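Asker: Kindly generate the corresponding structure for this input.
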Amino acid sequence: MGCETVDAAAEKRTREQLELLGVGKLCHKLPSQMSGGEKQRVCVARAMMNDPAVIFADEPTASLDHRNGHMVIELLSAYKDRGTVIIVTHDAEMLSAADRVLIMRDGKAVEWVEANDLIKMRSLSK
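Answerer: Numbering: from 1, shown residues only. Model prediction:
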């Protein structure tokens, strides 16, 4: 099957996203032939392929090294101009991609915080 799609525009977007995430060469590989990090990046590109109004990303940088995690953060951050991105994460570096943060404890929403305010608080506490 590979990267062939019915919609030429969707195929172009997919290839661009895969290239941005450094996995364009994996287009024709099966998931069993990819590393965990490569699969993760392909999933991010796939989520953006059809320009959805909302992307829900659960731990999008969890299995990635710093460099690849940063690429995913940058791509999700740039996507905010086209749609809503909801990210669930424990990765403090994801704050740079956020506008607002919902802090949760024990499965319950505690408070909404502006991401910039949280970043400033974190830098002051160091």
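Asker: Low-confidence ranges, the protein, go.
Answerer: The chain contains residues with pLDDT under 70 at 1-6, 124-126.
Asker: Which parts of it are strands?
Answerer: All strands of the chain, identified by DSSP state E, fall at 54-58, 84-88, 100-105, 108-114.
Asker: relative to strand 100-105, how tilted is the second one?
Answerer: Interaxial angle, strand 84-88 versus strand 100-105 (axes from the mean of the first three to the mean of the last three C-alpha atoms, to 10 degrees): 30 degrees.
Asker: where does strand 84-88 sit relative to the chain's centre, distance-wise?
Answerer: Its chain's average C-alpha position is 8 Å from that of strand 84-88, according to C-alpha atoms, centre = their mean, to the nearest Å.
Asker: Please apply the same query to stretch 37-52.
Answerer: Distance, centroid of stretch 37-52 to centroid of chain: 8 Å (C-alpha atoms, centre = their mean).
Asker: Only C-alpha atoms, please: export that stretch in PDB.
Answerer: Provided in PDB are the C-alpha atoms of stretch 37-52 (Å, rounded to 0.1, in the frame of the first residue of the first chain):
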ATOM      1  CA  GLY A  37      10.300   6.400  17.500                       C
ATOM      2  CA  GLU A  38       9.800   6.100  13.800                       C
ATOM      3  CA  LYS A  39       6.300   4.700  14.300                       C
ATOM      4  CA  GLN A  40       5.600   7.600  16.700                       C
ATOM      5  CA  ARG A  41       6.600  10.200  14.100                       C
ATOM      6  CA  VAL A  42       4.600   8.500  11.300                       C
ATOM      7  CA  CYS A  43       1.600   8.600  13.600                       C
ATOM      8  CA  VAL A  44       2.000  12.400  14.100                       C
ATOM      9  CA  ALA A  45       2.200  12.900  10.400                       C
ATOM     10  CA  ARG A  46      -0.800  10.700   9.800                       C
ATOM     11  CA  ALA A  47      -2.800  12.700  12.300                       C
ATOM     12  CA  MET A  48      -2.200  15.900  10.400                       C
ATOM     13  CA  MET A  49      -2.700  14.300   6.900                       C
ATOM     14  CA  ASN A  50      -6.200  15.500   6.300                       C
ATOM     15  CA  ASP A  51      -6.000  18.800   8.200                       C
ATOM     16  CA  PRO A  52      -8.500  17.900  10.900                       C
END
